[in-house]
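Asks: Prediction below, plus the sequence it came from.
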Amino acid sequence: MWWKTLFRRKQLEHDLEEEINLHLLRETQQRIERGESPEHARLHAHRDFGNIALIKDTTRDMWGQRWLDRMRQDVVYAFRTFGKSPGSTAAIVLILAIGIGLNTAIFSLINATLLEPLPYPEADRIVQIWLNVNTPSSSSSLTLSIPEITLLSQQTNIFQDLAAYDFSGPGVNITGAGEPEQVKAIHVSGSYFRLFGAPIEAGRTFSFDEYRPNGGRVVILSHGLWVRRFASDPTLVGRSILLGNESWLVVGIVGADFQPNPAAEIWFPLQADPDTTNQAHYLRTAARLRDGITIDEANARLKLVADEFRRKFLSFDPKSGFEAKPLRETTVADIRTVLWVLFATVTFVLLISCSNVANLLLARASARQREIAIRAAMGASRGRIVAQLLTESSVLSLAGGILGLAIGQIALRALLALNPEVLPGASGYGADSIDVSSFSPHIPLDWHVLSFSTALCVGTTLLFSALPAMAISRMNLAQTTHEGGTRTGIGREATKTKSLLIVAQTAMAVMLVIGAGLMIRTFAILRHINPGIDPHRILTLQMSLEGTRFKDTDSVARLAYDGVNRLKLIPGVIDAATSWMLPVDFSFSSSFIIDGRPLGNNFSHGAALMRPVSPNYLAVFRIPLTRGRFFIDRDTAKSPAVCVISEATAQKFWADADPVGQRITVDRSSDPNFATRPREIVGIVQDVRDLGMDKEPQPMIYIPQAQVASGMTRLSVGLQPLTWTVRTASDPYAFSGAIQRALRDASGGLPVANIRSMDEVVRHSTLRTDFSTVLLTLFAAISVFLAALGIYGLIVFSVQQKTYEIGIRLALGAMPKQVRNMILSQGMRLAIAGIFVGFVGSLALARYMKTLVYGIQPIDLGVNSVSCLILAVVAALVCYIPAHRASRLDPAKTLRSC
Amino acid sequence: MGITGRYKNRIELLQGTLDMLILQTLQWGPHHGHGIGQAIRANSGELLHVETGSLYPALHRLELQRWIKSEWKTSENNQRAKYYRLTAAGKKQLSNEQAHWKLLVKAITKAMKPA
């Protein structure tokens, strides 16, 4: 058995030693017996025997599994070598660990968000279906309306298990025993649980009748909620619980490992009337592609469905169409670019690490020429020497890999701590916003990541050790042993290789610095951008109005009026308002027509963001009023209908006319529940960045919350919580308790959730930029450091190699300044070549930065030149130190010591 | 070239024949490495000189193949040595090789006869 030889190796080694010794002894004795002198006898015995070490080695080959033995030897030898130069070994391992660690961390993120299959059966066949609306000025994707979903669900030749569900916006209030609590809830249609493969732990899913209108008050709870709120009560299924003070029958509990997206802890049956003509687009729609149908085929067939829909509902815009997109694409849309840019960045960092390590190894190899030459002279084959060097590299990269994995884990923790929300993305209500909150925040170290890191390790080893190994195997042994190996380099070729590596790593560092520079500029621009509001000292709170209490506009308006009045009584509260959405966060849009303006063939005169708000909204956010007036408490359902528009709206739709006093109709609808009267424009306010800090202000129409159609209010209640905004005299959080109490009193005990200051909301809007800026800057700094280290190492090394030459030059009368400039120029030539290559490279890569930057072009002359300058200065600094030192050499000493 | 003065009167061993010679030598009883080398030399009328560089690897190889077995023993003149002896499998191998060798010699002799 070969493994036996492994354990017996020591014994075998000992035996062989003795066997050979006895052989020599015997031979010597016989020769003495034949009459030779003892000295001669021993000498001849040895000579006859031959190269003992080599014979031992060939004999050992017979023991089998020689490679293991050799590897062990090489590893032991490698460790001995490392022990001799602990400094450069530590540097190599650390540099590798940084490169591998950063890659592992970013890859973990990519793996978890982009590669890992979504936790649903046949997830790659699940698509979301959107309505693409194209207007001359813009195009956007909307969620769907019930008539559209009804028609789509009949397309069984394209889809199966088509399910509609809303956003888990408003949440629902659990009342009854204990503190009231607001939890996330969604309404789902018939196929939802089957489509997403939700395991039912107890009870059942909703029945066919329960999904229909008036199907009864039934709910399904999540495992987590059941455990947390109901103490895992085994008799809960079949009993009723209180939600918003009404009793609902629990019919089932979903298993713990189900990860709904959007996140939810309570599921309601949608109970939509399939025959409704309600055109509100508020439902997400997902389905599994029918077997054998590709996404392209599905989209081709969806064109026909859109035509059919257009015939049925004449109001359907002819430029609109349905589009099926893979579920994953819709969940990670925004973050994808960020992650890939970061991945490219860390790959650069790794390449720089590798090139640095290759340089260090090359330097080391030249220092070890003599040792290697001697080994070769002793009979080691070239392959054996290269194998030895590769073993050393592997040990190094393995150590780097293990340390890198640790660094990667720490880096990953830090990344998530830095910004846990950026990966799930802002869980907005937007049609195209990212919402993977349920897929975060634990990012596992799984075998994907492990094998990635291993592959990285192997690749890295090959990358950084191939060049030194090649250089050595081409080395002229005889010459090296002869010359003593201190003065000669490992050859001109190796020096050329080193120079190329330096140029390459400088170039990559330049590109990273330019990338970071672009992000820093973007960051600074976003910091100084005027959001159009004053976000300081405002507290925002959300209150779910789900339930039967708030089913019309009046009840909501009364709550808002009452609540605002109570809040204003709190000392230190300056003003308060309500709305459905916050500035800078998100907005719905709506089409409208302008009274008295010909419509032609168009469905409307255009679309604008639309925001129902309470009268003090303007005062709370300090949005400047340009003309006319804002809403007052007397703008009620009974008074004349009014609205206020933003300056962007005025410019876009009334370029050469005065909008104030004009009338518009928003939400033209045949459904009486949604129809509203024409509104008079009573004022113009300044623009607000309502879609986010990095989005230009869009036309906005404000409407008094009290004047919205009841159907619209009901839809809003079902879609999102009511948002209270309170302007305070000092730190808004200091008023949180008093504000919550006042709101509870005003609402008859409804809880509030998601309490944030407006400053936080604004910050949230630039989260992605902050995240990319911090990381890119960090990576760029690391790459500059590594590049500087590389240049420094090369110059120091070349000074060492040239000590003799420098000594002669100085002895012959060269000025120290000349020597310094000679060395300086050697380093700077490489650095400038690298900077130039990096500059050109950055122009080529600029387009990938396009979606990340804001307010500047991805090719920014200022950023590019400053970045190049930074690298040049750093290079000059690191070259100067060894150059200066070289110019101070004492020629007498150097010449004698060489 | 390959043959220096030292090797003038010796014959290079044919690939694989060393194994057979060792097995053959051990037919007469256990022997140590040094002795095996000398026996082959003596039995060949000083024509075959086995290099230690070939002998020891061959011994270890044969042992790995279980054709011979080794043990440490003390010799006639009170010296320790590693003795190799033929195993049953080794005997069988030897007779195989002998038959093969005879065939080879016959074939080569025939081929070398001038036609």
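Replies: Great, that's in hand.
Asks: alpha carbons only for contacts and neighbour counts from here, please
Replies: OK.
Asks: who touches the closest residue to chain A within chain B in this structure?
Replies: Closest to chain A within chain B is residue B:57: 4.0 Å, counting by CA to the nearest CA. Taking CA atoms under 8 Å, 6 or more residues apart in numbering or on different chains as the criterion, residue B:57 is in contact with A:55, A:58, A:59, A:60, A:61, A:62.
Asks: I figured the last one was touching residue B:61, is that so?
Replies: Same thing as residue A:62. Yes - counting by CA atoms under 8 Å, residue A:62 touches residue B:61, with 5.1 Å between them.
Asks: Give the buried residues for the helix or strand containing the residue of chain B closest to chain A.
Replies: Using DSSP states H and E, residue B:57 sits in helix B:52-64. Neighbour counts using 16 or more other CA atoms under 10 Å in any protein chain shown place B:52, B:53, B:55, B:56, B:57, B:58, B:59, B:60, B:61, B:62, B:63, B:64 of helix B:52-64 among the buried residues.
Asks: returning to that earlier point: narrow the contacts of residue B:57 to just the buried residues.
Replies: Burial by neighbour count, 16+ other CA under 10 Å: within those this picks out A:55, A:58, A:59, A:60, A:61, A:62.
Asks: pretty sure residue A:726 belongs to a strand, no?
Replies: Yes - with DSSP: H, G, I helix; E, B strand; the rest coil as the criterion, residue A:726 is part of a strand.
Asks: shouldn't it be in contact with residue A:575?
Replies: Yes - Residue A:726 lies in contact with residue A:575 (CA under 8 Å); the separation is 5.9 Å.
Asks: Check the contact lists of those two and give me the overlap.
Replies: Joint contacts of residue A:726 and residue A:575 (CA under 8 Å, 6+ apart) are A:567, A:620.
Asks: Quick check: longest helix in the chain by residues?
Replies: This is for chain A. Secondary structure of chain A per DSSP state H: the longest helix is helix A:327-367.
Asks: Chain B was what I was after
Replies: The longest helix of chain B (DSSP H) is helix B:88-112.
Asks: residues in chain B within reach of chain A, list them.
Replies: Applying CA under 8 Å from any CA of the partner chain, we find that chain B lies next to chain A at B:33-34, B:51-54, B:56-58, B:60-61, B:64, B:80-82.
Asks: mind redoing it with 6 Å?
Replies: B:34, B:52, B:53, B:57, B:60, B:61 (CA under 6 Å from any CA of the partner chain).
Asks: Greatest separation within the residues you listed: which pair is it?
Replies: Spatially, the most separated pair among those is B:34 and B:61, at 16.5 Å (CA to CA).
Asks: Tell me, please, where in the stretch 1-150 of chain A the pLDDT is lower than the cut-off.
Replies: A:1-7, A:64-67, A:134-140 (pLDDT under 70).
Asks: again, 50 this time
Replies: A:1 (pLDDT under 50).
Asks: ok and the helix or strand harbouring residue B:21 relative to helix B:88-112, angle-wise?
Replies: Element membership for residue B:21 (DSSP H and E) is helix B:17-26. Counting by axes from the mean of the first three to the mean of the last three CA atoms, to 10 degrees, helix B:17-26 lies at 130 degrees to helix B:88-112.
Asks: And helix B:17-26, what's buried?
Replies: Residues B:18, B:19, B:20, B:21, B:22, B:23, B:24, B:25, B:26 are the ones in helix B:17-26 that count as buried (16+ other CA under 10 Å).
Asks: Which helix or strand contains residue A:637?
Replies: Here residue A:637 is assigned to no helix or strand, by DSSP H and E.
Asks: got the phi/psi numbers for it?
Replies: Main-chain dihedrals, residue A:637, degrees, to the nearest 10: phi -60, psi -30.
Asks: do residue A:183 as well
Replies: The phi/psi pair for residue A:183 (degrees, to the nearest 10) reads phi -120, psi 160.
Asks: do residue A:544 as well
Replies: Per-residue torsions, residue A:544: phi -80, psi 130 (degrees, to the nearest 10).
Asks: ok, the closest residue to it other than its chain neighbours - how many residues close by?
Replies: Of all residues not flanking residue A:544 in the chain, residue A:721 sits nearest, at 4.4 Å (CA to CA, 6 or more residues apart in numbering or on different chains). Number of residues near residue A:721 (other CA atoms under 10 Å in any protein chain shown) recorded here: 24.
Asks: Quick check: the gap between residue A:721 and chain B.
Replies: Computed as CA to the nearest CA, to the nearest Å, the residue A:721 to chain B distance reads 81 Å.
Asks: got it, and residue A:74?
Replies: Residue A:74 is 22 Å from chain B, by CA to the nearest CA.
Asks: Next, the closest residue to chain B within the stretch 601-750 of chain A: phi, psi?
Replies: Residue nearest to chain B within the stretch 601-750 of chain A (CA to the nearest CA): residue A:694, separated by 75.5 Å. The phi/psi pair for residue A:694 (degrees, to the nearest 10) reads phi -100, psi 20.
Asks: Thanks a lot, see you next time.
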